[in-house]
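> Sharing a sequence plus its predicted fold:
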Amino acid sequence: MTASTQIICRDCNNAFIYTDAERDFRDSRGLTRPELCPECRGKERARRNGDLILLYQRADALDPFLISGETPGNGRNHRVRDTRQQYTTTCAACGSETSVPFVPRGERPVYCRSCYNARKGR
């Protein structure tokens, strides 16, 4: 038989049941005894998550693929994953200006895409 404790919610002053199962669960994860009823906990969680959702919505508004309605890749709505900084350098083979996603150090040759592919036999 499980014993339960009745707790008064800090926000709405309604009583709620704090069961042994919930107590064991919280103890096993190092959580303290709840001060909010399940309904108020849900409202608090929604408020916190709402702030995160707003941040993601702002980030999505800055995504050019989502703004234009275009979808890269196979038609699914993927985020642009590769937003690394690009560095301008000169191709060691043809001498044209090219951009690379790493800092050219001068120790090794750097090639533009077409020269790199030609050297790799692509």
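The structure has been received and is ready for your questions.

> Domains in the chain, by residue range?
Using automatic domain parsing, the domain ranges for the chain come out as 4-68, 87-119.

> Any chance of the ones you listed in CSV with mean pLDDT as columns?
Output for the domains of the chain, formatted as CSV (pLDDT from 0 to 100):
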stretch, mean pLDDT
domain 4-68, 83
domain 87-119, 89
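
> Could I get the ones you listed in TSV, plus columns for mean neighbour count?
Using the backbone N, CA and C atoms, a C-beta is placed for each residue, glycine as well. Formatted as TSV, the domains of the chain follow (neighbours: other CB atoms under 10 Å):
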stretch	mean neighbour count
domain 4-68	12
domain 87-119	13
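
> Would you mind measuring from A118 to T90?
Using CB to CB, to the nearest Å, A118 is found at 17 Å from T90.

> Now do the SS call for the most centrally placed residue in the chain.
By CA atoms, centre = their mean, the mean C-alpha position of the chain lies nearest to Y56, the distance being 8.4 Å. Counting by DSSP: H, G, I helix; E, B strand; the rest coil, the backbone at Y56 sits in helix.

> ok, it - contacts?
Applying CB atoms under 8 Å, 6 or more residues apart in numbering to Y56 gives no contacts.

> tell me the secondary structure for the closest residue to R113 other than its chain neighbours?
The shortest distance from R113 to any residue other than its chain neighbours is 7.1 Å, reached at T98 (CB to CB, 6 or more residues apart in numbering). Three-state call for T98 (three-state DSSP): strand.
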